[in-house]
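S.K.: Pasting the sequence and the predicted coordinates here, then a few questions.
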Amino acid sequence: MTTPRLFSGMQPSADSLHFGNLAGALLQWVEMQNTHDAVFCVVDLHAITVPQDPATLAATTRKTAAQFIACGIDPRKSTVFVQSHVPAHSELGWILNTVTSFGEASRMTQFKDKSQKQGSDNATVGLFTYPILQAADILLYDATVVPVGEDQRQHIELTRNIAERFNQRFGDTFVVPEVKIIDAVAKIYDLQNPESKMSKSGESPQGILWLLDEPKTVAKKIKSAMTDSSSEIVFDIDRKPGVSNLLAIASIATGKAVKVLEKEFQGLGYGDFKSSVAEAVVAFLEPIRNTTHELLADPAELDRILAQGAEKAEVVAETMLGKVHSRLGLLGRTKR
């Protein structure tokens, strides 16, 4: 029986990933690499759909890849690489542009939201076609499953539509992938605004728990997290969002169920509760932080790992691209 293949990726859009990225994607990626032929990509071409400082982009690309590995993505089990290292992504993205209608691309809500924030005159064509490049990323690898958050569901549905249309017009070419909406180990919210999802664009830097934060910074952020005026430590998102968020974070850091933690913390004041959570999170993040810095201290070795991943990915991607060329009637190049 063939092992099912999955594809997923993450943008190098900040110096560090945050605890929400870990809970919402990385922990499941680590588990799924044991049951799937897993392909994980740092999608730097997607990152340049908005303005980037070149030196910063190069640094954050390495940092993102290093954090993938530090969080448990094993390059010996999974294919880990940088999107721009496999040119087939860009070429298939262009080809899929030609079978995608302007109308269906216009209906993508993420483009509408982002272009409104930037102003339509400043939004790039790349931002508009972002979901079509994402479709190319997935379809290049015959991925049968794509684990994503709910906010990406519409993009994966577009990928499915594009694959089905191409197959109908040109013959069976692409696997039509299934979307797997990630059931996050826990939904992680902003420490200062626990009714909003933790995000790199959060209003206060104190609300974001970065994986590469110094231990003292981690502890300080958790100890100053927003809670409420009572002292009951129970998981109740509606009534006690701040306490519930800290319990969810502690559950990931300790590996204990929230119900178990509720009993352990019963009778503690919020000060002692926050101190205990901070201690657990600092201990949990320490090996991730240390491994990331070790990898970044040896960029040649990290680049070797990423190059090896790109070579593996390219074998699959070029085979698919050749099939697409043949289906379309693009003239094959004669090798000398």
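M.R.: Perfect, I can see it now.

S.K.: and the next element down the chain from the lowest-mean-pLDDT helix or strand in the chain?
M.R.: The least trusted helix or strand in the chain, going by mean pLDDT, DSSP states H and E, turns out to be helix 109-118, with a mean of 66. Next along the chain after helix 109-118, taking DSSP states H and E as the criterion, comes helix 125-139.

S.K.: Can you name every helix or strand that that next one contacts?
M.R.: Judged by 3 or more Cβ pairs under 8 Å, 6 or more residues apart in numbering; DSSP states H and E, helix 125-139 is in contact with strand 5-10, helix 44-47, helix 88-97, helix 102-106, helix 109-118, helix 153-170. (Each C-beta comes from the backbone N, C-alpha and C, glycine too.)

S.K.: Which residues does the last one contact?
M.R.: What it means is helix 153-170. Residues outside helix 153-170 that contact it (Cβ atoms under 8 Å, 6 or more residues apart in numbering): 96, 99-100, 104-105, 108-110, 131-132, 134-135, 138-139, 146, 148, 173-177, 179, 181, 327-328.

S.K.: So for Asp37, which of the helices and strands packed on helix 125-139 sits nearest?
M.R.: strand 5-10 (4.3 Å; Cβ to Cβ).

S.K.: Let me know the average pLDDT across stretch 220-234.
M.R.: Across stretch 220-234, the average pLDDT comes to 92.

S.K.: Now do that stretch: distance to the chain's middle.
M.R.: Computed by Cα atoms, centre = their mean, to the nearest Å, the chain-centroid distance of stretch 220-234 equals 28 Å.

S.K.: Please apply the same query to stretch 305-314.
M.R.: Distance, centroid of stretch 305-314 to centroid of chain: 19 Å (Cα atoms, centre = their mean).

S.K.: Alpha carbons of that stretch, as PDB, please.
M.R.: Extracted in PDB, the C-alpha atoms of stretch 305-314 (Å, rounded to 0.1, in the frame of the first residue of the first chain):
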ATOM      1  CA  ILE A 305      19.900  20.000   4.800                       C
ATOM      2  CA  LEU A 306      17.600  22.300   2.800                       C
ATOM      3  CA  ALA A 307      19.500  21.600  -0.400                       C
ATOM      4  CA  GLN A 308      19.100  17.900   0.200                       C
ATOM      5  CA  GLY A 309      15.400  18.400   0.800                       C
ATOM      6  CA  ALA A 310      15.100  20.500  -2.400                       C
ATOM      7  CA  GLU A 311      16.800  17.800  -4.400                       C
ATOM      8  CA  LYS A 312      14.300  15.200  -3.200                       C
ATOM      9  CA  ALA A 313      11.400  17.600  -3.900                       C
ATOM     10  CA  GLU A 314      12.700  18.500  -7.300                       C
END
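
S.K.: Tell me the buried residues in it?
M.R.: Of the residues in stretch 305-314, those buried by neighbour count under the rule 16 or more other Cβ atoms under 10 Å are Ile305, Leu306, Gly309, Ala310, Lys312, Ala313, Glu314.
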